[in-house]
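Colleague: Quick one, fold the following:
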Amino acid sequence: MMSDFDFMAFGFDIAALVIFFVCWFGYEHLIRLLSKRRGMLLKDLTVVRHAWMREMVIRDFKLFDSNLIGHGVNSASFFASANLILIAAIGGALFSTDVTFQYATGLGIDTSSSLLVLKLSLVIVCLARGLLNFIWALRQMNYCVAAFGAIPLNVDKETADKFTEAASDIIDPAMSNFSQGVRGYYFSLAAGAWLFGPWALVIASIGAVFLLGWRQASSQASRGLRRMRELLEEHPYPTRTRPLYENDPAPLEDILAMHKDDRANHLPKKEPQD
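Modeller: A predicted model of the protein is given here:
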């Protein structure tokens, strides 16, 4: 039979675990609620990606866009591989519980063998969810590749707007799942703090929420993306120096003449012959 002290300690662990899950699953809903107003990185980045898709649709040569998608695929693959390695390492510790418990006791971690299994299992759950996010992000990025290649050239503005919305609907959830996978590392570290007791789990969980929230709203990157969003909203579309539509007010002949003059200025001058 468990003593009163043990029961109370186990009750603290349960309460800390509840707080952890509230922070973990409640953070995303909180950010989506706060992002309805301006000044949140999540909303600003959505606008920036939409502007990227808008420019991608009217861009003739899409090598630049394919390189960006390739970078996203490589990043998601790297993090997915890292998650697999970490899951395998912690899984190995779970399959040798006696040895792991001896090492944990030697490090001064005061816990029972069964509770140690629960604590390590929580870390695996966080990493496994992140792994699924990265895998789903990878699949959606591959959908983006097919979508980019299927966009026709020389479309009118109305058609370009429709393709922009369709492409945004593909890339937004892909990047969102990538962000959720990266976010899983924060809460995996918080789950690992449970090894040092329930108070460590509570502090680490709340700290992860505050750190992620600060980076969403007050970091230098968030301020830069906020300014980028404002500039993109003020920018005329389509770009006047690159008319691609039939009814564009800038004459196509003027643009061709400008390119011709620019090319002539860069050609080597012929020296006079005797």
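
Colleague: Which helix or strand lies directly C-terminal to the helix or strand where Phe134 lies?
Modeller: Phe134 is part of helix 113-150, with elements assigned from DSSP states H and E. Later in the chain than helix 113-150, the nearest helix or strand by DSSP H and E is helix 157-192.

Colleague: that older thread, and the helix holding Phe134, what does it pack onto?
Modeller: With contacts defined as 3 or more Cβ pairs under 8 Å, 6 or more residues apart in numbering; DSSP states H and E, the packing partners of helix 113-150 are helix 4-34, helix 63-95, helix 97-106, helix 157-192. The C-beta positions use only the backbone N, C-alpha and C, and glycine is treated the same way.

Colleague: Can I get these in TSV including distance to Ser121, mean pLDDT and mean neighbour count?
Modeller: Formatted as TSV, those follow (distance: least, Cβ to Cβ, whole Å; pLDDT from 0 to 100; neighbours: other Cβ atoms under 10 Å):
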stretch	distance to Ser121	mean pLDDT	mean neighbour count
helix 4-34	11	80	14
helix 63-95	7	89	15
helix 97-106	11	62	13
helix 157-192	9	92	19
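
Colleague: Kindly reformat the ones you listed as TSV containing distance to Ala147.
Modeller: Shown next, in TSV, are those (distance: least, Cβ to Cβ, whole Å):
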stretch	distance to Ala147
helix 4-34	25
helix 63-95	10
helix 97-106	47
helix 157-192	6
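
Colleague: thinking again about what came up before, what separates the helix holding Phe134 from the chain centre, distance-wise?
Modeller: Counting by Cα atoms, centre = their mean, to the nearest Å, helix 113-150 is centred 12 Å from the centre of its parent chain.

Colleague: Can you mark which positions in it are buried?
Modeller: Neighbour-count burial for helix 113-150 flags 116-117, 119-120, 122-138, 140-141, 144, 147-148 (criterion: 16 or more other Cβ atoms under 10 Å).

Colleague: Of all the helices and strands packed on helix 113-150, which one comes closest to Val57?
Modeller: helix 157-192 (4.8 Å; Cβ to Cβ).

Colleague: just the angle between that closest one and helix 113-150, please?
Modeller: If you take axes from the mean of the first three to the mean of the last three Cα atoms, to 10 degrees, helix 157-192 sits at 170 degrees to helix 113-150.

Colleague: list the helices and strands helix 157-192 packs on?
Modeller: Where contact means 3+ Cβ pairs under 8 Å, 6+ apart, helix 157-192 is packed against helix 4-34, helix 41-58, helix 63-95, helix 113-150, helix 198-217.

Colleague: what angle do the fourth one and helix 63-95 make?
Modeller: The one in question is helix 113-150. 160 degrees.

Colleague: Return the residues in contact with Ser35.
Modeller: The contact partners of Ser35, taken as Cβ atoms under 8 Å, 6 or more residues apart in numbering, are Leu42, Lys43.

Colleague: what's the spacing between it and Gly197?
Modeller: 34 Å (Cβ to Cβ, to the nearest Å).
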